[in-house]
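>>> The following comprises the amino acid sequence and a computationally predicted model.
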Amino acid sequence: MQKLKWGMIGGGEGSQIGPAHRLGAGLDGLFEFTAGALDHRAEEGRAYAQRLGIPADRSYGDWREMLEGEKGRDDRIDLVTVATPNATHFEITKAYLENGFHVLCEKPMTMTVEEGEEIVKLAQQTGKICAVNYGYSGYSLVRHMKAMVARGDLGKVRLVKCEFAHGHHADAADAENPRARWRYDPAQAGVSAVFADCGIHALHMASFVIGQELKQLSADTVSLIAGRKLEDDAMVNMRFDGGAVGRLWTSAIAIGRQHGLTLEVYGEKGGLRWAQEQPNQLYWTPLGGRVQTIERGEANLSPEADRTTRVTIGHAEGMPLAFANIYADLAEAIRAEQEHRAINPAANLFPRATDGLRSMAAVFALAQSGASDGKWVDARPPLFR
Ligand code: NAI
């Protein structure tokens with residue numbers, strides 16, 4: 001079977017997220033890295049793309065040139081990943097969807113709720129896939145948690161607790177460093193800092209696993225380092241549409257925490273605990289029973305988990321393989337469309353534009369609630385009220 005053709009915008013040399021996308025897209029031999037506009041500096045981007053093996057005529061200087069170059073080709077790319085800085089996501093995603101490309105956009109998908117609604121509608125109108133890279137939802141044991149909830153192992157979910165709390169912006173003496181400062185400046189970052197950057201991953205994962213959407217939230221947002229206009233710590237209480245209660249802590253000043261993404265789900269019949277930094281173990285406690293360790297790679301966990309594990313049990317799988325699972329889902333979705341058949345349900349789990357929109361509505365709800373002493377506010381986008 002011919003490989004699908006994949007292109008990337010952003011993710012240039014030295015970028016944080018580019019290598020994880022390349023590893024993820026390349027892992028299963030489903031995609032060939034065919035085109036790229038990898039850097040905001042045209043010549044550096046072209047040169048790096050060629051060093052990565054992309055032909056010269058498809059190593060582009062910027063995303064508009066790539067769009068012009070690709071849209072007229074018979075062998076144009078099947079999927080484009082947008083891995084540029086946040087403020088460019090909307091414009092690039094919109095342009096590629098309008099020209100009939102499938103898109104995987106980095107989070108946040110847009111900077112406003114209105115833009116998010118536009119992308120959701122555009123994806124519906126064009127029939128093209130618009131996925132959003134909540135890549136942690138690709139972890140095999142996260143998929144298994146979702147499967148356990150869906151098949152009723154926990155009974156009704158009562159409570160979900162999640163965190164994305166790190167300590168990488170905790171140094172007050174370094175607060176003016178340009179690499180950190182822009183994140184707390186509303187002119188560049190929008191209405192929220194750490195929640196928009198990190199908290200939305202935890203929220204997406206909670207919602208993904210319990211199969212419920214966020215309805216309302218109440219937030220305590222603070223800037224614990226002087227001079228910051230946007231929050232570097234937030235505690236968020238949540239209500240989901242299926243009746244579950246949620247607690248979310250996100251922080252950038254939690255010294256000693258590295259990544260700090262965790263998820264706990266408590267139902268009538270048992271509880272689950274998982275942490276991104278030890279992603280190969282899931283802790284399950286049935287009501288009245290002992291803690292059990294579920295290992296990634298155990299046979300016959302669930303179709304969703306079995307499909308998304310590759311390395312033998314006891315050998316760690318990490319974040320680029322979680323991204324690879326998102327790419328494998330997308331390859332299956334694209335093939336299903338090409339072959340006019342239904343998608344494998346175990347692959348139909350990749351995060352979509354609707355998730356990107358819901359996140360953006362939550363970001364604005366957090367800002368509104370935080371500014372009014374934690375008032376409970378509707379966190380749904382107007383499109384879904
Ligand atoms: P970065 O600053 O490390 O790299 C950005 C890259 O994009 C650079 O190579 C730069 O030259 C390139 N670039 C900038 N403007 C461009 C343009 N107009 N056209 C083409 N290339 C352009 O940024 P990082 O950390 O890699 O983040 C990129 C995006 O990925 C952000 O939106 C961020 O939120 C997201 N991200 C997502 C993560 C996830 O877990 N899903 C984790 C980390 C980042």
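Nice, I can see it.
>>> Tell me the secondary structure at whichever residue of the stretch 201-350 of the chain sits closest to the ligand.
Nearest to the ligand, among the residues of the stretch 201-350 of the chain, is H201, at 6.5 Å (CB to the nearest ligand atom). From N, CA and C alone the C-beta is placed, and that goes for glycine too. Using DSSP: H, G, I helix; E, B strand; the rest coil, the three-state assignment for H201 comes out as helix.
>>> How about residues contacting the lowest-mean-pLDDT helix or strand in the chain?
Least confident helix or strand, the chain: helix 178-181 with a mean of 86, by mean pLDDT, DSSP states H and E. Contact with helix 178-181 is made by 168-169, 174-175, as judged by CB atoms under 8 Å, 6 or more residues apart in numbering.
>>> hmm, the following helix or strand past that helix in reach of the ligand?
Sequence-wise, the next helix or strand downstream of helix 178-181 (DSSP states H and E) is helix 186-189. No - judged by CB under 6 Å from any ligand atom, helix 186-189 and the ligand are separated, with a smallest distance of 10.5 Å.
>>> in helix 186-189, what counts as buried?
Applying a neighbour-count criterion of 16 or more other CB atoms under 10 Å, the buried positions in helix 186-189 are A189.
>>> coming back round to it: buried residues, the least confident helix or strand of the chain. List them.
For helix 178-181, the neighbour count (16+ other CB under 10 Å) marks 180-181 as buried.
>>> cool, and stretch 352-371?
Buried residues in stretch 352-371 (16+ other CB under 10 Å): 352-370.
>>> try stretch 52-67
Buried, per 16+ other CB under 10 Å, within stretch 52-67: 54, 58-61, 63, 66-67.
>>> so which of these comes closest to the ligand?
Looking across these and measuring by CB to the nearest ligand atom, the closest to the ligand is W63, at 5.1 Å.
>>> and that closest one, what does it touch?
Contact partners of W63, counting by CB under 8 Å, 6+ apart, are 9, 37, 84, 92, 95.
>>> what secondary structure does M238 sit in?
strand.
>>> Wait, it touches W249, no?
No - using CB atoms under 8 Å, M238 makes no contact with W249, being 11.5 Å away.
>>> which one of the two has more residues nearby?
More crowded of M238 and W249, by other CB atoms under 10 Å: M238, with 25 against 18.
>>> so what's that one bridging to?
On the basis of DSSP bridges, M238 is bridged to L217, G246.
>>> name the element A365 belongs to?
helix 353-371.
>>> quick revisit: narrow the buried residues of stretch 52-67 to those in helices?
63, 66-67 (DSSP state H).
>>> Please list which of these also come close to the ligand.
Okay, of those touching the ligand (CB under 6 Å from any ligand atom), that's W63.
>>> Save the ones in helices among the buried residues of stretch 52-67 as a markdown table, and put in pLDDT and distance to G314 too.
Listed next are those as a markdown table, based on pLDDT from 0 to 100; distance: CB to CB, whole Å:
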| residue | pLDDT | distance to G314 |
| --- | --- | --- |
| W63 | 98 | 42 |
| M66 | 98 | 42 |
| L67 | 98 | 45 |
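>>> Of the ones in helices among the buried residues of stretch 52-67, which is the nearest to R151?
Nearest to R151, judged by CB to CB, of these is W63 at 42.5 Å.
>>> Can you name the residues of this protein that neighbour the ligand?
Close to the ligand, as judged by CB under 6 Å from any ligand atom, the chain has residues 9-12, 15-17, 37-40, 62-63, 83-86, 88, 106-107, 133, 135.
>>> Please pick the buried ones from those.
9-12, 15, 17, 37-39, 63, 83-84, 86, 88, 106-107, 133, 135.
>>> what residue lies at the spatial centre of this structure?
Per CA atoms, centre = their mean, the C-alpha nearest to the average position across the chain is that of Y134, at 1.3 Å.
>>> Tell me which residues touch it, please.
Contacts for Y134 were tallied using CB under 8 Å, 6+ apart; they are 107, 201, 204-205, 208, 351, 355.
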